[in-house]
Every structure is written in structure tokens, then in C-alpha cells.
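**Q** I would like to see how this sequence folds:
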Amino acid sequence: PMCCSFSTPGHLTAMSDVYSYGVVLLELLTGRKSLDKSRPVREQMLADWAFPLLTQKKKVLGIVDPRLSEDYPVKAVQKTAMLAYHCLSRNPKARPLMRDIVATLEPLQQLDETPSDSVAMTLEGT
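**A** Got it, this is the predicted structure:
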């Protein structure tokens, strides 16, 4: 498959695990399944649909799980989206190591924003 890198036939590598982790990050951000046949054809494969949006700060906010009701720290969402983008790189060697993923995610727990205000400011063009 295009997503994975094989060391020997049939053996997945750490970089394919990183790709899979990127898909999990997308599922958490969007509230969608990785494969959803009930969606329009272009949106059925979550990674393919979301990948081009992940580097665009405003568009990322448009794909966040609506059940969060804009109650989330915007910067953490945007940084998580960028991390997912790197995890989903077509080039397995360009994907981050798991220790780098952890190092990126840990500080995001500390982000302290007023969620609703920060979403409104970002959507208004800040």
C-alpha cells in the first residue's frame, strides 16, 4: 500500500506505525472514521480528504469534530493537525519518530486558552 513502508515483504515498519498514528490523530480531530462509506466519495478516506487541509490553519478549524462546539484550544488543534500532516507524509523517511511525536504532543496539554474566544479570533482573521 502507498501508506506503508516494508522492511521485508509483509512486515510493517515503525514508519507505517507512524502513518497509522497520523490517521488516529485525524480521527480524534475530526470525530470521523478512517473509512466511512456513508460519506461522499471524496470524503470516504479520511486521510486522503483531510491531508491537503491540515496545513491551512483556518481550514483545519472547519474539519474539527463539530461535537466539540468550538470548545477547544485552537493552537493545540492546529499543532496537532500539522503533526498529523507530517505523520501522513507520502515519504516514510520524512515521517517523525514516535519520540518526536510524544515531544510535540506533551506541551499541547499545557496550552491554556479561552477556547471560544480563540476560535472566534482565528476565524475573524487573526
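
**Q** Next one: residue 11, what pLDDT does it get?
**A** pLDDT for residue 11: 51.

**Q** actually residue 17, not the one I typed
**A** So residue 17 comes in at 88 (pLDDT).

**Q** How about residue 111?
**A** pLDDT at residue 111 comes out at 67.

**Q** Please apply the same query to residue 66.
**A** According to the prediction, residue 66 has pLDDT 93.

**Q** quick one: it from residue 98, how far?
**A** Applying CB to CB, to the nearest Å, the value for residue 66 to residue 98 is 30 Å. No exception for glycine: its C-beta is placed from N, CA and C like everyone else's.

**Q** pLDDT below threshold where in this protein?
**A** Where the chain drops to pLDDT under 70, the residues are 1-13, 111-126.

**Q** which other helices and strands contact the top helix by length along the chain?
**A** Scanning the chain for the longest helix, with DSSP state H as the assignment, gives helix 14-30. For helix 14-30, the elements it packs on are helix 46-50, helix 57-63, helix 74-87, helix 98-105, judged by 3 or more CB pairs under 8 Å, 6 or more residues apart in numbering; DSSP states H and E.
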